[in-house]
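Chemist: Everything below, folded, please.
(one chain, ligands or ions: 1)
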Amino acid sequence: MKAANQILKCPICNEGTKEKYRPFCSKRCSEIDLGRWFNESYVIPGEQTSLGQENDDEMDY
Ligand SMILES: [Zn+2]
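Modeler: Model (predicted):
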């Protein structure tokens with residue numbers, strides 16, 4: 001039996017992935033993805049403050 005899910009595709013360029021760089025096809029693509037992550041985490045919406053206050057009420061026990 002062969003596991004069909006073994007062949008994954010790089011989320012960056014859609015090429016087949018290499019075990020060494022999973023889940024990407026190359027170091028370059030993994031770095032591109034990492035860069036995207038950092039960019040997204042830098043953009044934090046100001047609404048998070050009000051969400052935190054809501055949580056405070058429920059966790060106060
Ligand atoms: Zn790639």
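Chemist: contacts, neighbours, all on C-alpha from now
Modeler: OK.
Chemist: what does the chain put close to the ion?
Modeler: By the criterion of CA under 5 Å from the ion, the positions of the chain lying close to the ion are 10, 12-13, 25, 29.
Chemist: Could I get the average pLDDT for stretch 16-25?
Modeler: In this model, stretch 16-25 has a mean pLDDT of 93.
Chemist: From one end of that stretch to the other, what's the distance?
Modeler: This stretch, stretch 16-25, spans 6 Å end to end (CA to CA, to the nearest Å).
Chemist: got a list of contacts for it?
Modeler: With contact meaning CA atoms under 8 Å, 6 or more residues apart in numbering, stretch 16-25 is reached by 7-12, 15, 26-27, 30.
Chemist: quick check: longest helix of this protein.
Modeler: If each helix of the chain is counted by residues according to DSSP state H, the longest one is helix 27-42.
Chemist: list the buried ones in that helix?
Modeler: Across helix 27-42, burial judged by 16 or more other CA atoms under 10 Å covers 29-30.
Chemist: all helices for the protein, in order.
Modeler: Taking DSSP H as the test, the helices found in the chain are 27-42, 48-58.
Chemist: worst average pLDDT in those?
Modeler: Going by mean pLDDT, the lowest-scoring of the helices of the chain is helix 48-58, which has a mean of 57.
Chemist: So what does residue 14 look like in phi/psi?
Modeler: phi 70, psi 10 (degrees, to the nearest 10).
Chemist: What's the local residue count around it?
Modeler: 11 (other CA atoms under 10 Å).
Chemist: Same check on the one 4 residues further on?
Modeler: With neighbours defined by other CA under 10 Å, the count for residue 18 comes to 16.
Chemist: Next, find the distance separating residue 37 from residue 31.
Modeler: Noted for residue 37: a distance of 10 Å to residue 31, by CA to CA.
Chemist: Out of the residues of the chain next to the ion, who's the most crowded?
Modeler: residue 25 (22 neighbours).
Chemist: which non-adjacent residue is nearest that one?
Modeler: The shortest distance from residue 25 to any non-neighbouring residue, by CA to CA, 6 or more residues apart in numbering, is to residue 17 (3.9 Å).
Chemist: Which per-residue confidence value corresponds to residue 11?
Modeler: pLDDT recorded at residue 11 is 92.
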